[in-house]
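In: let's see this in three dimensions:
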Amino acid sequence: MQQSAPAASAQATLSDRLLDSDRAAAIELHASFQAAVLVALRDRDGSLSTVFTRRHRNLPRHAGEISFPGGRREPRDATLIGTALRETHEEIGLPASMVQILGALEPVPTVVSDHAVYPFVGLVPSDFSWHTSPEEVEAVIEFTLPDLVRARTRTYIRRGGLPIRADSYVIGEHVIWGATARILSDLLARVYRPGPTPRAPRA
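Out: Presented below is the predicted three-dimensional model:
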């Protein structure tokens with residue numbers, strides 16, 4: 001895959017900051033199920049962006065929420081990376097052959113659905129057009145990493161009729177929270193160097 005300057009910069013920046021994919025997959029969390037997601041990065045008009053889906057409102061779990069493409073591991077999946085790539089292809093049409101895996105982030109648990117979620121970071125082509133599964137995905141949403149840094153806040157989310165104050169990312173009408181927000185925070189902490197003013201990766 002030919003890389004743009006932002007993508008090449010991301011690869012250089014993250015090469016020694018991400019977890020080894022195999023070692024991350026071997027981390028054990030207390031959960032009934034395993035799931036995997038793809039944190040897809042690509043160049044959008046000179047800025048690095050990451051790709052989310054808005055889950056269909058009729059799904060039994062996490063309906064209408066913003067998440068990374070991915071899902072539960074199935075017996076046919078030889079690896080958790082395989083789960084992330086299979087689910088991504090099913091949800092947004094991106095073939096596994098178009099993903100360059102760079103590494104992994106810390107796995108996170110979900111409280112409500114009792115999953116251990118394993119995130120894998122990959123570069124994807126900037127010119128790919130998404131082909132969504134209408135039963136699973138209402139929309140594909142992309143945000144640049146600098147915009148996500150500025151969007152971090154704490155807000156109240158209603159769960160079971162009760163307001164819960166949680167770390168989240170709010171851009172316009174879009175709210176990213178829960179396990180997806182925790183994964184995103186891990187990504188941004190690795191992309192941007194410590195300091196009072198995070199800096200975007202340079203080409």
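In: so residue 94: helix, strand or coil?
Out: What DSSP: H, G, I helix; E, B strand; the rest coil gives for residue 94 is coil.
In: distance of it relative to residue 87?
Out: 10 Å (Cβ to Cβ, to the nearest Å). Glycine gets a C-beta too; all of them are placed from N, C-alpha and C.
In: shared neighbours of these two, anything?
Out: Listed as contacting both residue 94 and residue 87 by Cβ atoms under 8 Å, 6 or more residues apart in numbering are residue 69.
In: doesn't residue 97 lie inside a helix?
Out: Yes - the assignment for residue 97 (three-state DSSP) places it in a helix.
In: by mean pLDDT, flag the weakest helix or strand of the protein.
Out: strand 152-159 (a mean of 71; mean pLDDT, DSSP states H and E).
In: residue 54: how many residues sit nearby?
Out: 16 (other Cβ atoms under 10 Å).
In: just give the strands next to the host helix or strand of it in its sheet, each with its orientation.
Out: Using DSSP states H and E, residue 54 maps to strand 47-55. Sheet pairing for strand 47-55, assigned by DSSP bridges, gives strand 33-44 (antiparallel), strand 66-67 (antiparallel), strand 137-144 (antiparallel).
In: mean confidence for it?
Out: What strand 47-55 shows for mean pLDDT is 90.
In: name the surrounding residues that touch stretch 7-25.
Out: Against stretch 7-25 from outside (Cβ under 8 Å, 6+ apart): 3, 41-43, 48, 79-81, 100-107, 118, 120-121, 123, 126, 190-191, 201-203.
In: same question, stretch 72-83
Out: The contact list for stretch 72-83 (Cβ under 8 Å, 6+ apart) reads 21, 25, 33-36, 70-71, 86, 101, 115, 118, 120.
In: can you redo these as TSV with distance to residue 140 and pLDDT?
Out: Conversion of the contacts of stretch 72-83 to TSV gives the following (distance: Cβ to Cβ, whole Å; pLDDT from 0 to 100):
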residue	distance to residue 140	pLDDT
21	24	96
25	26	96
33	25	94
34	24	96
35	19	96
36	18	98
70	13	94
71	15	92
86	17	97
101	20	96
115	22	91
118	21	98
120	18	98
